[in-house]
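J.: from the sequence below, what's the structure:
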Amino acid sequence: MRFSINSSILLKLFDSLGSVLNTSQNRLNKDENIVLLKVSNNVLSISYSDSTRFSYPVNESQDGELWLNISQVKNIRKNLLNMSGGLTFNSKSIESCEIKSNDKKYKFITNISDGNPRKELIEYDNLVANEDLFVTSIINRLENGSKNLILYGSPGVGKTYTVRKIASRFIRKIIFGRNFELNLSDHKDLRDILCNLESQNLIALEMYLNKKRIFKVSDLLASSLITKYGNQIDINEISNRLNVYSRSNPHTLFTNLFNEKRTDYWTLTNSGKEYVENQLIKQFAGIKTLANFDISHNIKFVTFHQSFAYEEFVEGIKPIPDGSGGMSYTIKDGVFKEICTQAKNDSKNKYLIIIDEINRANIAKVFGELITLIEDDKRIGARNELKVTLPYSQEEFGVPKNLYILGTMNTSDRSIALLDIALRRRFTFIELKPDPELLKEKIIDGIKLDQLLIQLNQRITLLIGRDYQIGHSYFMNVDTLESLRFTWYHRIIPLMQEYFYHNSEMLRVAIGEQFMPKMTVDPTLQKALGNFFPSEPQYEIKELESNEFRNALLKLTNGS
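T.: So this is what the prediction gives:
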């Protein structure tokens, strides 16, 4: 019985093909049926005419088999859809990348060439998963560069969203690293997942968990995970997986998980580490013991405001009623001192404090003498370790190396140029900008939302500066003309009114004169006001109905 090739089978076919082409390309006859795909009892067998054979566990309800020749396989790899010989690619996804009919993403997939398909697939993955890559880059900066970062940008660029993603990644790494060995011994679900991992994933996981940096094939064969959970994995299988998923293999379509430093000595690449963290660890997130592990003490969240003080952040004196009308006083630790103490007592794990709206408080007053201690080289155990005596408790205090500080700031509140110089010196700044590309597929009744955002921000930049641009998130959930109308009148215009307070003419230029016509004043009222009647024209916001609203936005997106 013939069957359609779905994404799971397709990826395994590419996987096996990469290995075969490395060794057998010159011996494979294009005119022969040289590849047999056979599904039986949830096992996919891929057999080549040179006697090379691969087996993969699959979840297929229907058994069947299909013969292909090398030309057809390459054609599948080239086009993916509407194959010769009646083959069809009938899945909605490939490696979690959505394919939609008649849109840019669909065309990108179908236009993958035979020249370097792996590179183009990776570029496509980057396009649809750029937020994960950006989050990864921020985490890498925290772990390998400055421990103090501030994400800054105008409203709606995704600062809070990005911080949540970073916190989620931190949580996964903490849970995974701390609980993996503990749960391995007594958790059946965890063992089942490991037993069903494909060979390259188990190898990558072993490398990720092992403290060694370089591995021989024999080291991997003898490792604990592969010994216990690598079903019938032998030394040839390990060598095959390392080569297929290596940086030096030009045929593989997948992320280069491994790199051969020298003959038979292998490392896990940075891409491999990201793959383990972003893909493999997710498989463990649903396990109750892991998912419910309490990590609240590893991450603290605080929002600064104008009255936020040192006593709330570091330590202060707190009054406590004694029940008889009297009052006693105690020294209470603030949120920063609390997480510093926890991090110091748990040096093997990472801790993160997130400070939202960090530019709203008086930094010199909130941090006090601790502003110097957060520098990387002044932390406990660093080469220039520095400690101070706290004023209330008289305790000796330092900032541990395993604490990371992540702040956010809104540039429409205060420009980065106006920040406290002490703060600017001790933090690395990463700008988040409005990204019209994320709105490129959103067209509402002919209104291109990416062009609308571009036009608005060009006007804002020219009128009051780039710090006040509007972010893409304002339009991310817009999918109808009515939802666009709601967003425009209840989110965009109020923000613009705040920006252009007491300057209605400038506001009119920014949003378009069609939304802000000249105010019509009754002559009787004008006469009654007398000398108090303004000499300059007055304008008012007009709520346009659907068709008028659509036409006004079309005019704005066209730059008029």
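
J.: run a quick neighbour tally on the residue nearest to residue 396 when sequence neighbours are not counted.
T.: Spatial nearest neighbour of residue 396, chain neighbours left out: residue 387 (5.1 Å); criterion: C-beta to C-beta, 6 or more residues apart in numbering. Glycine gets a C-beta too; all of them are placed from N, C-alpha and C. Residue 387: 14 surrounding residues under other C-beta atoms under 10 Å.

J.: cool, residue 502 as well?
T.: Quick note: residue 502 (other C-beta under 10 Å) scores 6 neighbours.

J.: that one and residue 491: what is the separation?
T.: Residue 502 sits 21 Å away from residue 491, going by C-beta to C-beta, to the nearest Å.

J.: for residue 500, same thing?
T.: 16 Å.

J.: in terms of neighbours, single out the busier of those two.
T.: residue 500 (20 against 15).

J.: tell me the confidence at the more buried one?
T.: We have a pLDDT of 90 for residue 500.

J.: so it sits against residue 511, correct?
T.: No. Residue 500 is not in contact with residue 511 according to C-beta atoms under 8 Å; the separation is 9.1 Å.

J.: could you find the closest non-adjacent residue to residue 216?
T.: Using C-beta to C-beta, 6+ apart and skipping the chain neighbours, the partner closest in space to residue 216 is residue 264 (5.6 Å).

J.: strands of the stretch 401-550 of the chain, start to end?
T.: 403-410, 428-431, 443-444, 447-448 (DSSP state E, counting those that start in this stretch).

J.: actually, the stretch 251-400 of the chain.
T.: Using DSSP E, counting those that start in this stretch, the strands of the stretch 251-400 of the chain run over 258-262, 265-268, 299-303, 315-321, 327-333, 351-356, 388-389, 396-397.

J.: tell me which of the ones you listed sits nearest to residue 436.
T.: strand 351-356 (25.6 Å; C-beta to C-beta).

J.: what comes up buried for stretch 423-436?
T.: Residues 423, 426-427, 429-430, 432, 434-436 are the ones in stretch 423-436 that count as buried (16 or more other C-beta atoms under 10 Å).

J.: quick check: end-to-end length of stretch 314-334?
T.: Terminal residues of stretch 314-334 are spaced 4 Å apart (C-alpha to C-alpha, to the nearest Å).

J.: what number of residues lie near the residue nearest to residue 265 when sequence neighbours are not counted?
T.: Nearest residue to residue 265 in three dimensions, chain neighbours excluded: residue 214, at 5.2 Å (C-beta to C-beta, 6+ apart). By the criterion of other C-beta under 10 Å, residue 214 has 12 neighbours.

J.: pretty sure residue 214 contacts residue 264?
T.: No. Counting by C-beta under 8 Å, residue 214 does not reach residue 264; the two are 10.2 Å apart.

J.: between the two, what contacts are shared?
T.: Here residue 214 and residue 264 share no contacting residue, scored by C-beta atoms under 8 Å, 6 or more residues apart in numbering.

J.: contacts for stretch 548-560?
T.: By C-beta under 8 Å, 6+ apart, the residues outside stretch 548-560 that reach it are 445-448, 451-452, 455-456, 481, 484-485, 488, 511-512, 514-515, 544.

J.: could you chop this protein up by domain?
T.: Using automatic domain parsing, the domain ranges for the chain come out as 7-120, 137-167+296-431, 188-286, 436-557.

J.: measure how far the third one is from the centre of its chain, please.
T.: Okay, so that is domain 188-286. Distance, stretch centre to chain centre, for domain 188-286: 23 Å (C-alpha atoms, centre = their mean, to the nearest Å).

J.: cool, and stretch 155-165?
T.: 10 Å.

J.: what comes up buried for that stretch?
T.: By neighbour count on 16+ other C-beta under 10 Å, the buried set for stretch 155-165 is 155-159, 161-163, 165.

J.: tell me the average confidence for that stretch?
T.: Per-residue scores along stretch 155-165 average to 85.

J.: give me the contacts around that stretch.
T.: 131-132, 134-135, 138, 151-153, 354, 356, 406, 408, 410, 412, 432-435, 470-474, 495.

J.: at 7 Å what do you get?
T.: 131, 135, 151, 153, 354, 406, 408, 410, 412, 432-434, 470-474, 495 (C-beta atoms under 7 Å, 6 or more residues apart in numbering).

J.: likewise stretch 460-469?
T.: Stretch 460-469 is contacted from outside by 154, 411-412, 415, 434, 457, 470, 499, 506, 509-510, using C-beta under 7 Å, 6+ apart.

J.: can you state the direction angle for the helix or strand where residue 242 lies and strand 258-262?
T.: Counting by DSSP states H and E, the element that carries residue 242 is helix 235-244. Going by axes from the mean of the first three to the mean of the last three C-alpha atoms, to 10 degrees, helix 235-244 is angled at 100 degrees with respect to strand 258-262.

J.: identify the bridge partners of the residue lying closest to residue 341 once chain neighbours are set aside.
T.: Sequence neighbours aside, residue 333 is the residue nearest to residue 341 in space, at 7.2 Å (criterion: C-beta to C-beta, 6+ apart). Under DSSP bridges, the beta-bridge partners of residue 333 are residue 315.

J.: for residue 333, the count of nearby residues, please.
T.: Neighbours of residue 333 (other C-beta under 10 Å): 19.

J.: next one: it, what pLDDT does it get?
T.: 92.

J.: quick one: it and residue 315 touch, right?
T.: Yes. Contact criterion C-beta atoms under 7 Å: residue 333 and residue 315 qualify, at 5.3 Å.

J.: understood, closing this out.
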